[in-house]
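Q: take a look and give me a structure for this.
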Amino acid sequence: MSVPELTRPAWSLFARYRHSLWLLTTRDLKIRYSTSFLGYFWSIIDPLLMSGIYYFVFVVIFHRGGAVHQPYIVFLLTGLLPWMWFSGAVSDTARAFLREQKLIRSMKIPRSIWVIRLVLSKGIEFVASIPVVIIFVVITLFSPSPAHLTWNVFLSFIAVAIEAALIIGIGLIVAPLVLFFRDLDRAVKLILRLMFYASPIVYGLNELTDPTLHTLAAFNPLTGIFSLYRSSFFPAELDWFAVGVSAIMSVAILGIGVLVFKRTVRAVLKEI
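A: Residues are numbered from 1 along each chain as shown. Purely as a prediction, here's the structure:
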């Protein structure tokens, strides 16, 4: 296979190599869940436990969740679930070339597929965790502050596309660099911890009343993405400026990722 094929832009891989991409993605999911007793239910149990912990800490202990964010558990989940896709996929893509090096060398497919399949498998887990939101939405119907689904739910498809582009871009950058700079893997984990609190997950963008802070928060690419997801139940959370910034930054990061991957793919093949 020629080098141009190996460095083909990420968005063109789906058409020509979609079968290989799907086989590797389903292989990841089978390995992850086939040997597990609960299997698929881990996709629900994990976010369920995480949301329960954060709900206890921020609502029961710190009494968060004003009237605009009721029911707070739904507000929390609409930020927490896409965050788990982002953090899980970025963590996995950082080690994409450290795993199964013999298989990567032997398979004659573009090496960027090894990054994209991790984003896709985590994205499938994200979709599989959506029933957690549905469960709590149904539960809130019997509470004083029920969750109301709005037509903005269709904006979630835009959010998925932007988030996928962002994660693929980051993955194409960190996957080859971690192979040469192993400390970068730890740095990625540290940055993800910081980003959790710097992103509007346990709080909303509208709570940042200071104009400067609000604008700075909008330049976090995750802010606009979470804004789209949350608008399904909380229309006031929709901020088109933040969405526009997220879309532009995600496309830019994807472009940078493709360029970085093209420049490093030869060295990656030699290293592994």
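Q: look at residue 191 and say how many residues are nearby.
A: 14 (other C-beta atoms under 10 Å). Using the backbone N, CA and C atoms, a C-beta is placed for each residue, glycine as well.
Q: that one: what's it in contact with?
A: For residue 191, the contact set (C-beta atoms under 8 Å, 6 or more residues apart in numbering) is empty.
Q: how about the nearest residue to residue 233, chain neighbours excluded?
A: residue 147 (5.1 Å; C-beta to C-beta, 6 or more residues apart in numbering).
Q: what's the spacing between that neighbour and residue 72?
A: Noted for residue 147: a distance of 10 Å to residue 72, by C-beta to C-beta, to the nearest Å.
Q: likewise for residue 31?
A: Taking C-beta to C-beta, one finds residue 31 at 36 Å from residue 72.
Q: now swap in residue 163 and tell me
A: For residue 163, the distance to residue 72 - C-beta to C-beta - is 23 Å.
Q: of these two, who's got more company?
A: residue 163 (27 against 18).
Q: for the helix or strand containing that one, which positions count as buried?
A: Taking DSSP states H and E as the criterion, residue 163 maps to helix 156-180. Within helix 156-180, the residues scored as buried using 16 or more other C-beta atoms under 10 Å are 156, 158-160, 162-179.
Q: with stretch 122-141 instead?
A: Buried residues in stretch 122-141 (16+ other C-beta under 10 Å): 122, 123, 124, 125, 126, 128, 129, 132, 133, 136, 137, 140.
Q: nearest to residue 194 among those?
A: Closest approach to residue 194 among these (C-beta to C-beta): residue 122, at 20.2 Å.
Q: wait, isn't the closest one in contact with residue 92?
A: Yes: here residue 122 lies in contact with residue 92, judged by C-beta atoms under 8 Å, at a distance of 6.6 Å.
Q: now do the helices in the stretch 1-150 of the chain.
A: Counting by DSSP state H, counting those that start in this stretch, the stretch 1-150 of the chain has these helices, from start to end: 3-6, 10-34, 42-55, 72-94, 101-106, 113-128, 130-140.
Q: and residue 240, which of those helices is closest to it?
A: Of all the helices of the stretch 1-150 of the chain, helix 72-94 comes closest under C-beta to C-beta, at 17.6 Å.
Q: let me know the average pLDDT across that closest one.
A: The average pLDDT for helix 72-94 rounds to 92.
Q: repeat for stretch 170-181
A: pLDDT averaged over stretch 170-181 gives 91.
Q: and what of stretch 191-209?
A: Mean pLDDT, stretch 191-209: 89.
Q: all numbers from here: first residue = 792
A: Got it, the first residue is 792 from now on, which makes the last one we talked about stretch 982-1000.
Q: would you mind writing the CA trace of it as CSV?
A: Extracted in CSV, the C-alpha atoms of stretch 982-1000 (Å, rounded to 0.1, in the frame of the first residue of the first chain):
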residue,chain,number,x,y,z
ILE,A,982,-5.2,17.6,31.2
LEU,A,983,-8.4,15.6,31.1
ARG,A,984,-8.8,16.0,34.9
LEU,A,985,-8.4,19.7,34.6
MET,A,986,-10.8,19.9,31.6
PHE,A,987,-13.5,18.2,33.6
TYR,A,988,-13.8,21.2,36.0
ALA,A,989,-13.0,23.7,33.2
SER,A,990,-16.0,22.4,31.2
PRO,A,991,-19.7,23.1,31.9
ILE,A,992,-20.6,19.7,33.2
VAL,A,993,-21.7,20.2,36.8
TYR,A,994,-22.6,23.8,36.1
GLY,A,995,-24.1,25.6,33.1
LEU,A,996,-22.5,28.2,30.9
ASN,A,997,-25.2,30.7,31.9
GLU,A,998,-24.0,30.6,35.5
LEU,A,999,-20.8,32.3,34.4
THR,A,1000,-22.2,35.8,34.7
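Q: kindly state the pLDDT recorded for the residue nearest to residue 1042 when sequence neighbours are not counted?
A: Excluding the flanking residues, the one nearest residue 1042 by C-beta to C-beta, 6+ apart is residue 956, at 6.2 Å. Looking at residue 956, its pLDDT stands at 96.
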